[in-house]
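Engineer: Let's see this in three dimensions:
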Amino acid sequence: MFYAGIAFAYFVVFPLIFGFFTSVGPDNVEVMTDISSYLNFVLKLFFAFGITFEIPIATLLLIRSGVVSADSLASKRAYVVVICFIFGMLLTPPDIISQSLLAIPMWLLFELGLFMSRLLFKPVVDDERS
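Structural biologist: Below you'll find the model as predicted:
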């Protein structure tokens with residue numbers, strides 16, 4: 001999943017963000033990227049998206065270990081969306097495009113984790129008959 005996050009960042013997010021940053025400057029200014037700044041930016045972006053794509057696994061592990069239940073996580077869905085956008089704000093460059101491109105997949109991956117936990121971990125029902 002980590003590599004899927006890196007691939008998503010490389011093929012989807014990075015071209016959009018880099019295109020946005022290069023188009024923001026004036027037309028008569030040539031973009032001259034510094035290799036260390038470029039690599040620092042790309043590696044941070046890859047790491048943020050790689051960690052983000054681990055959310056379904058973390059959700060499954062939390063539910064499987066009994067720390068939380070799928071129903072309690074589902075009831076806190078509104079808080080999860082806000083937290084996703086806060087993490088998107090903190091982990092990405094200061095533009096709404098990259099924040100949304102991190103927060104929305106983060107939220108969708110959380111929902112995927114909930115869906116998979118409901119499929120894999122059916123609650124055990126005790127049927128006591130007297």
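Engineer: SS state for the most centrally placed residue in the chain?
Structural biologist: Nearest to the geometric centre of the chain sits M106, at 2.9 Å (C-alpha atoms, centre = their mean). When classified by DSSP: H, G, I helix; E, B strand; the rest coil, M106 comes out as helix.
Engineer: so A70 touches R118, yeah?
Structural biologist: Yes. Using C-beta atoms under 8 Å as the test, A70 is close enough to R118 to be in contact (5.5 Å). All C-beta spots, glycine's among them, are computed from the backbone N, C-alpha and C.
Engineer: of these two, who's got more company?
Structural biologist: Set side by side, A70 and R118 show more neighbours around A70, with 19 against 14, by other C-beta atoms under 10 Å.
Engineer: Model confidence at the residue lying closest to that one once chain neighbours are set aside, what's the number?
Structural biologist: In space, and not counting its chain neighbours, A70 is closest to S117: 4.9 Å by C-beta to C-beta, 6 or more residues apart in numbering. Per-residue pLDDT puts S117 at 88.
Engineer: pretty sure S117 is touching S65, no?
Structural biologist: No. Using C-beta under 8 Å, S117 is not in contact with S65; the gap is 11.3 Å.
Engineer: of the two, who's got more company?
Structural biologist: S117 (22 against 8).
Engineer: name the helices or strands packed onto the helix or strand where that one lies?
Structural biologist: Using DSSP states H and E, S117 falls within helix 96-120. Counting contacts by 3 or more C-beta pairs under 8 Å, 6 or more residues apart in numbering; DSSP states H and E, helix 96-120 is packed against helix 14-24, helix 35-52, helix 55-65, helix 70-75, helix 77-91.
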